[in-house]
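Chemist: model the structure of this input:
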Amino acid sequence: MSNQDVIKRSDELDERMTKLPDLNQAVVDLITSGKRLRRLINLIYVVIILEVALSIVGVIIYTGSQVNRANIATLHASLVSSCKANNDFRSDNLKLWQYLLAIPPEQPQTPAQQKITTDFNSFVSKTFAPRNCDTIYP
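Modeler: Numbers count the residues shown, from 1 in each chain. Predicted coordinates:
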């Protein structure tokens, strides 16, 4: 090969090299896109961890609400049962007071005393009247 051929070949290679893309910029672009992809992957990991954590919290809340509903139903049944037992107690008290108030006095009552007795009988009837448990505890 002659010197001319070598020079010509060298010039061709120089010309081709100037047409090649800048490798430094390509490497910088690859590094930048790699960092961006790693950040996105890390973000996906964080989202997955949050998803699992929120799912666990949701299950715990749902389970707790089911337990609360069962407790509420038990409490409601207990309140209604207590109300009905209280109605039995009220009925017994009312019968006792009605018996006591039905005993005739030893001396005739004055109209004022009769009014007091009637008012007291009315008060006792209202006080010991049975409660409607279904209305109080729907």
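Chemist: what's the longest helix in this protein?
Modeler: For the chain, the longest helix by residue count, based on DSSP state H, is helix 23-102.
Chemist: contacts only, for the most centrally placed residue in the chain.
Modeler: The chain has Ile61 as the residue nearest its centroid, 6.1 Å off, counting by Cα atoms, centre = their mean. By Cβ atoms under 8 Å, 6 or more residues apart in numbering, Ile61 lies in contact with nothing. Just so you know, the C-beta spots here come from the backbone N, C-alpha and C atoms, and that holds for glycine as well.
Chemist: gap between it and Thr32?
Modeler: Note on Ile61: its distance to Thr32, by Cβ to Cβ, to the nearest Å, is 43 Å.
Chemist: now Leu96
Modeler: Leu96 sits at a distance of 94 Å from Thr32 (criterion: Cβ to Cβ).
Chemist: point out where this protein drops to low pLDDT.
Modeler: Applying pLDDT under 70 to the chain flags residues 1, 20-22.
Chemist: please redo it, this time with the cut-off set to 90
Modeler: Counting by pLDDT under 90, the chain has low-confidence residues at 1-31, 64-73, 76-77, 98-111, 113-114, 116-117, 127-138.
Chemist: most distant residue from the centre of it?
Modeler: The chain, Cα atoms, centre = their mean, max distance from centroid: Ser2 (89.6 Å).
Chemist: just give the closest residue to Ile136, not the sequence neighbours.
Modeler: Cys83 (6.3 Å; Cβ to Cβ, 6 or more residues apart in numbering).
Chemist: er, Asp134 I mean
Modeler: Per Cβ to Cβ, 6+ apart, closest to Asp134 is Val80, 7.6 Å.
Chemist: what's the local residue count around the one you found?
Modeler: Counted by other Cβ atoms under 10 Å, the residues lying close to Val80 total 15.
Chemist: same check, this time on the one 4 residues further on
Modeler: Using other Cβ under 10 Å, Lys84 has 13 neighbouring residues.
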